[in-house]
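> predicted model and sequence below, questions to follow.
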Amino acid sequence: MAAPNQHLSFLSSMVPLALKLDHTNIAFWCTQILPTVCAHDLEGFLLSTRLCPEQYFMVQEGEGSSQPGSVVSQPIQCLSPKYMFWIRMDQALIHASTCCSLH
């Protein structure tokens, strides 16, 4: 799985496709498009097997403190970096798949 800090710069180097998958071009997609998708670890987005992570995670304030007897207060809700990465990647792929088909 791709790391949350992975850059999305490779998307700008991909050539937008005006050719949408249908029964006449399956061979082209299998030999040209799918290897590119797999090389960038994106098949989970296309096949819906890479589910969106939880948006928030809970952290105890003072967690990881090295001071003995430190007071632990209520949990704090933090935005998940994995969630933010997933959203950025999902939106970038949606844009890449629709930018040339809108007229």
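On my side now, so go ahead.
> sketch out the low-pLDDT regions of the chain for me.
1-18, 62-72, 98-103 (pLDDT under 70).
> 80 - rerun?
Scanning the chain for pLDDT under 80 picks out 1-21, 33, 61-73, 95-103.
> mind listing the strands for it?
56-60, 75-79 (DSSP state E).
> need these in JSON lines (columns: distance to residue 85).
From N, CA and C alone the C-beta is placed, and that goes for glycine too. Putting the strands of the chain into JSON lines (distance: least, CB to CB, whole Å) gives the following:
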{"stretch": "strand 56-60", "distance to residue 85": "14"}
{"stretch": "strand 75-79", "distance to residue 85": "11"}
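> and stretch 27-37, how far apart are its ends?
15 Å (CA to CA, to the nearest Å).
> wait, which of the strands of the chain is closest to residue 36?
Residue 36 lies closest, by CB to CB, to one member of those: strand 75-79, at 30.8 Å.
> that closest one - contacts with which helices or strands?
For strand 75-79, the packing partners by 3 or more CB pairs under 8 Å, 6 or more residues apart in numbering; DSSP states H and E come out as strand 56-60.
> what helices or strands is the strand it packs on leaning on?
Using 3+ CB pairs under 8 Å, 6+ apart: strand 56-60 touches strand 75-79.
> neighbouring strands for the strand it packs on, and are they parallel or not?
strand 56-60 (antiparallel) (DSSP bridges).
> so where do the helices sit in the protein?
Taking DSSP state H, the helices of the chain run over residues 10-13, 26-28, 34-39, 43-46, 81-98.
> turn the ones you listed into a markdown table, including mean neighbour count and distance to residue 60.
A markdown table is the format used below for the helices of the chain (neighbours: other CB atoms under 10 Å; distance: least, CB to CB, whole Å):
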| stretch | mean neighbour count | distance to residue 60 |
| --- | --- | --- |
| helix 10-13 | 10 | 37 |
| helix 26-28 | 10 | 52 |
| helix 34-39 | 12 | 39 |
| helix 43-46 | 15 | 31 |
| helix 81-98 | 14 | 18 |
